[in-house]
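*Asks:* no letters, just coordinates:
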C-alpha cells in the first residue's frame, strides 16, 4: 500500500531538513562515540552508560527514519492544491475568526499535518483538524461550520498570507 502524501509548508520542510542534518551530522556521531566509550568500560551486562547510549541511539535512529519517511512522502501545499489563492484560505495562511453566538475571537495559522503547534504565536493548526478543514477554501467574511463532536459556526474575519 502506498504511503499517504504529507502536506508541508516550505517552513515545515526547512525545519525538518535542519533537524535531519543535526541528527545525521551531530547527534548520531555523538551517540556512536558514547557507545564506543561505554563498550571500552568492559562488562556490558551491568553497564548503565552503555544502556543509556543504546536507548539514545534507538531514539535518534527512529527520528531519522521518521523524518526520511515524511520527506519522501511530502508535497507542498501548492502541489496538493491547498495553497490558497488571492481570496481563498489555504495552508500557510493566518486566519482570524469569531465563533457565532459566543463572539469569542481567535487567530490561528493553518499548516500541514506535521507542523501543528498549539503553543506557537499564533497557534498553528493542521489542515486536517476540524477547524482547518472548515477554513480551507473559504474566504474572509464567510461563515463556515466546524464539525467537531458538536457542530458550531464560525465567521471568518480576516486572513493573511506570508
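*Replies:* Nice, I can see it. On a predicted model such as this, the values are computed, not experimentally measured, just so you know.
*Asks:* listing partners with orientation, what would you give for the longest strand seen in the chain?
*Replies:* In the chain, taking DSSP state E as the definition, the longest strand is strand 152-161. The strands that strand 152-161 pairs with in its sheet are strand 93-99 (antiparallel), strand 143-146 (antiparallel) (by DSSP bridges).
*Asks:* what about the very next helix or strand once past the first one, average pLDDT?
*Replies:* Next helix or strand after strand 93-99 toward the C-terminus (DSSP states H and E): strand 105-111. Within the predicted structure, the mean pLDDT of strand 105-111 is 94.
*Asks:* relative to strand 93-99, how tilted is strand 105-111?
*Replies:* 150 degrees (axes from the mean of the first three to the mean of the last three C-alpha atoms, to 10 degrees).
*Asks:* now do the helix ranked longest in the chain: everything it contacts.
*Replies:* Determined from DSSP state H, the single longest helix within the chain is helix 48-72. Contact with helix 48-72 is made by 3, 6, 8, 13, 16-17, 19-20, 23-24, 27-28, 31-32, 34-35, 37-39, 41, 44, 114, as judged by C-beta atoms under 8 Å, 6 or more residues apart in numbering. Where C-beta positions appear, they are placed from N, C-alpha and C, glycine not excepted.
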